[in-house]
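Enquirer: just coords:
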């Protein structure tokens with residue numbers, strides 16, 4: 001499984017059509033989600049970042065991420 005550093009993850013911010021986010025150490029490909037168009041979700045969340053803390057305050061459960069492919073893990 002590929003290991004992403006924080007700097008590598010930033011490259012997948014949606015600007016080139018690929019949106020990855022990290023949550024709880026895993027990196028998810030959310031590119032095909034209409035909720036993540038152009039790497040932005042609900043104006044406040046941006047792809048290419050670790051959203052572990054931010055998703056603790058989300059109005060939905062993080063289990064929604066489990067429907068997206070895991071493409072790697074985030075380096076410590």
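Expert: Great, that's in hand. Since the structure is predicted, the reported quantities are computational estimates derived from the model, not experimental observations.
Enquirer: could you use CA atoms for every contact and neighbour count after this?
Expert: Noted.
Enquirer: roughly how far apart are residue 66 and residue 29?
Expert: Distance of residue 66 to residue 29, given as CA to CA, to the nearest Å: 10 Å.
Enquirer: settle it for me: which of those two has more neighbours?
Expert: residue 29 (20 against 9; other CA atoms under 10 Å).
Enquirer: tell me the first helix or strand C-terminal of the helix or strand bottoming out on mean pLDDT in the chain.
Expert: Least confident helix or strand, the chain: strand 40-41 with a mean of 72, by mean pLDDT, DSSP states H and E. Following strand 40-41 in sequence order, the next helix or strand is strand 45-46 (DSSP states H and E).
Enquirer: any idea of the mean pLDDT in the helix or strand just after that next one?
Expert: Going down the chain from strand 45-46, the next helix or strand is helix 52-55, by DSSP H and E. Regarding helix 52-55, the rounded mean pLDDT is 82.
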